[in-house]
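> I'd like to go over a predicted model; first the sequence, then the structure.
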Amino acid sequence: MAFNVVILAAGQGKRMHSELPKVLHRLAGKPLLAHVIDAARSLKPRRICVIYGHGGDQVPLAMAGNGLTFVLQDKQLGTGHALKQALPYLDPAAGTLVLYGDVPLISSRTLRKLTAARDERVRLLTATFDDPKGYGRILRDVGGNVIGIVEEKDASPEQRRIHEGSTGLIYLPTRRLDGLLSKLSNRNVQGEYYLTDVVGLAILAGIPVDAVSPQSLWEVQGVNSQRQLAELERVYQRVAAERLLDAGVSLADPQRFDLRGSLRCGKDVRIDVNCVFEGEVKLGDGVEVGPNCIIRNSSVGAATKLAAFTLIDDARVGKRCVVGPFARIRPATELADEVHIGNFVEIKASRIGQRSKANHLAYIGDSRVGRNVNVGAGTITCNYDGANKHQTIIEDDVFIGSDTQLVAPVRIKRGATIGAGSTITKDAPAQQLTLSRTRQLSVPNWHRPRKPVKGH
């Protein structure tokens, strides 16, 4: 059934103590609002309308390019007033699902339950809380039918003892919305037009009202403070870790694991503590990730071992590689199978051929490195002249001695050997030793300068 989605995202979030609009604070690496939009999109709605207010254009600018309709709520007069701003942009022939930009973990499964109505009716998402403080209370008659919602600040002591609360998420018949919203009153403690009052008005108008519940309470937890944001971050990470564990991934400590995107793992993958996965990451069968690694928008081939403190960013790593510790693999890098990249080695925008090695203290940038190449410690490719990047080509079976500078553009031909301590500015011929050194000189009778002795 086609429907509209309206996401209320105009609130200031005073308790966040931040100039950034609350819905743009990040959870698991992306704005709270982006999580809600993704959940809504998964149901393929007819349109998504975002009501924004506090922070000016920061919200539409941050979410630009997402095919959304943004509507300004110039004055924050309540949730009912916010929804009314969206009416001109909604398809009246479709229902309307109202979501909140600060309730980021709502699941597609729960939203499908909420939008399952096939006729014109109101559907609420309610939940039973051990401590319902802060939630509007669900009022039911003796037969268990929903008859209204009372906000906590307007509730009587008896009503406050009710544990079933309104999450605020609601599905409404769009063609009836104008009439219902026009009857809202702000005669309440907060002086606002509550969307929750629509429930009582719908019942008076003879519109059926149902209530459904989420599978997990964390789905409806909102964010109103930095503390709540941190708590929800751990909920998100715990759920993500549990899913990986259930799929057979070995996590050294599920409480020290952070996923900020999507992670696909093969069989027998092992992940040590304090690793962060950002964007889209794929780990092949038997991959081992050491502690404190960061992998971003990258793929790692089967049986590869990543040692501690390795950073892989927008790169492809082949099978049976050994990378790290303290290695940095930067964007546009491709490592073929069985490559070894060791400690304090940085590679950028380069292709490294099968069974090649750079095991210590090297920088390889804008390079094409062949098979069976050994890059000695302290080697760097001098690829940037201050204005342009230049390419270094190292063909198969090359041996590069330690402390070598390869000044691009330059080609080291197949089977060449570069002597340690060389600065190579011209192409090196195949199967020959090339070196560039000044003559070693010793100066007799030379004395090292000494500081004067104090007091003399």
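Sure, I can see it. Here the structure is a predicted model, which means the values were calculated and not measured. Numbering: from 1, shown residues only.

> Buried residues in stretch 431-450, which are they?
Using 16 or more other CB atoms under 10 Å as the test for burial, stretch 431-450 gives Thr434. Glycine gets a C-beta too; all of them are placed from N, C-alpha and C.

> Sorry, slip of the keys, the one I care about is stretch 229-243.
For stretch 229-243, using 16+ other CB under 10 Å, the buried residues are 229, 232-233, 235-237, 240-241.

> can the residues you listed go into CSV with extra columns for secondary structure?
What follows is the buried residues of stretch 229-243, written out as CSV (DSSP: H, G, I helix; E, B strand; the rest coil):
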residue, secondary structure
Leu229, helix
Leu232, helix
Glu233, helix
Val235, helix
Tyr236, helix
Gln237, helix
Ala240, helix
Ala241, helix
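
> ok, which stretches of the stretch 101-250 of the chain are strands?
122-128, 136-140, 146-150, 164-172, 209-212, 250-251 (DSSP state E, counting those that start in this stretch).

> name the helices or strands packed onto the longest one?
What that stands for is strand 164-172. Where contact means 3 or more CB pairs under 8 Å, 6 or more residues apart in numbering; DSSP states H and E, strand 164-172 is packed against strand 95-100, helix 108-114, strand 122-128, strand 136-140, helix 197-204.

> So which residues make contact with it?
For strand 164-172, the external contacting residues (CB atoms under 8 Å, 6 or more residues apart in numbering) are 3, 79, 95-100, 103, 106, 114-115, 117, 122-129, 132, 135-138, 140, 149, 180, 195-196, 198-199, 202, 214, 220.

> Now do it: distance to the chain's middle.
Centre-to-centre, strand 164-172 and its host chain are 28 Å apart (CA atoms, centre = their mean, to the nearest Å).

> Likewise for the second one?
Centroid separation for strand 136-140 versus its chain: 36 Å, with CA atoms, centre = their mean.

> again, but for the first one
Put simply, strand 122-128 sits 29 Å off its chain's centre (CA atoms, centre = their mean).

> got the angle between that strand and strand 136-140?
Going by axes from the mean of the first three to the mean of the last three CA atoms, to 10 degrees, strand 122-128 is angled at 110 degrees with respect to strand 136-140.

> ok, strand 122-128: who's next to it in the sheet?
Next to strand 122-128 in the sheet, as set by DSSP bridges, lie strand 164-172 (antiparallel), strand 209-212 (parallel).

> Next, the buried residues of it.
122-127.

> cool, stretch 385-403 as well?
Buried residues in stretch 385-403, defined by neighbour count with 16+ other CB under 10 Å: 390-402.

> Restricted to strands, list these.
Taking DSSP state E, the ones among the buried residues of stretch 385-403 that sit in strands are 392-394, 399-400.

> Let me see the backbone angles for the spatially closest residue to Met16 that is not a sequence neighbour.
Spatially, and ignoring its direct neighbours in sequence, Met16 is nearest to Lys22 (5.3 Å; CB to CB, 6 or more residues apart in numbering). Main-chain dihedrals, Lys22, degrees, to the nearest 10: phi -50, psi -40.

> for the one 4 residues further on, same thing?
Dihedral angles phi and psi of Arg26 (degrees, to the nearest 10) take the values phi -100, psi 140.

> Just give the number of residues close to it.
15 (other CB atoms under 10 Å).

> For the nearest residue to it once chain neighbours are set aside, give me the backbone phi and psi.
Excluding the flanking residues, the one nearest Arg26 by CB to CB, 6+ apart is Leu32, at 7.5 Å. Dihedral angles of Leu32 (phi, psi; degrees, to the nearest 10) stand at phi -50, psi -50.

> And Ser216, by the same measure?
Here Ser216 shows phi and psi, under degrees, to the nearest 10, equal to phi -130, psi 140.

> Please apply the same query to Lys84.
Backbone geometry at Lys84, expressed as degrees, to the nearest 10, gives phi -60, psi -30.

> so it sits right up against Gly179, yeah?
No. Using CB atoms under 8 Å, Lys84 makes no contact with Gly179, being 11.6 Å away.

> contacting residues for Ala303?
Residues near Ala303 by CB under 8 Å, 6+ apart: 284-287, 319-320.

> try 6 Å this time
286, 319-320 (CB atoms under 6 Å, 6 or more residues apart in numbering).

> Present the residues you listed as a markdown table; the columns should include neighbour count, secondary structure and distance to Arg270.
Putting these into a markdown table (neighbours: other CB atoms under 10 Å; DSSP: H, G, I helix; E, B strand; the rest coil; distance: CB to CB, whole Å) gives the following:
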| residue | neighbour count | secondary structure | distance to Arg270 |
| --- | --- | --- | --- |
| Gly286 | 17 | coil | 8 |
| Lys319 | 19 | coil | 16 |
| Arg320 | 17 | coil | 15 |
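
> Would you mind checking which of the residues you listed is nearest to Arg448?
Arg320 (50.8 Å; CB to CB).

> pLDDT value on the closest one, please?
As predicted, Arg320 sits at a pLDDT of 98.

> again, but for the one 4 residues further on
What the model reports for Gly324 is a pLDDT of 96.

> Hmm, it is touching Lys305, no?
No. In this structure Gly324 lies outside contact range of Lys305 using CB atoms under 6 Å: 8.3 Å.

> Those two: which has the busier surroundings?
More crowded of Gly324 and Lys305, by other CB under 10 Å: Gly324, with 24 against 17.

> residue ranges with poor pLDDT in the stretch 1-150 of the chain?
Counting by pLDDT under 70, the stretch 1-150 of the chain has low-confidence residues at 1.

> which residue ranges form the helices in it?
Here the stretch 1-150 of the chain has its helices, by DSSP state H, counting those that start in this stretch, at 32-41, 58-62, 79-86, 108-114.

> ranges for the strands of the stretch 351-456 of the chain?
351-352, 357-360, 363-365, 367-369, 374-375, 380-382, 392-394, 399-400, 405-407, 410-412, 417-418, 423-424, 433-434.

> okay, the ones you listed in JSON lines with mean pLDDT and distance to Ala10 next?
Listed next are these as JSON lines, based on pLDDT from 0 to 100; distance: least, CB to CB, whole Å:
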{"stretch": "strand 351-352", "mean pLDDT": "98", "distance to Ala10": "49"}
{"stretch": "strand 357-360", "mean pLDDT": "97", "distance to Ala10": "53"}
{"stretch": "strand 363-365", "mean pLDDT": "98", "distance to Ala10": "47"}
{"stretch": "strand 367-369", "mean pLDDT": "98", "distance to Ala10": "51"}
{"stretch": "strand 374-375", "mean pLDDT": "98", "distance to Ala10": "56"}
{"stretch": "strand 380-382", "mean pLDDT": "97", "distance to Ala10": "52"}
{"stretch": "strand 392-394", "mean pLDDT": "98", "distance to Ala10": "54"}
{"stretch": "strand 399-400", "mean pLDDT": "98", "distance to Ala10": "60"}
{"stretch": "strand 405-407", "mean pLDDT": "97", "distance to Ala10": "57"}
{"stretch": "strand 410-412", "mean pLDDT": "98", "distance to Ala10": "58"}
{"stretch": "strand 417-418", "mean pLDDT": "98", "distance to Ala10": "63"}
{"stretch": "strand 423-424", "mean pLDDT": "96", "distance to Ala10": "62"}
{"stretch": "strand 433-434", "mean pLDDT": "97", "distance to Ala10": "67"}
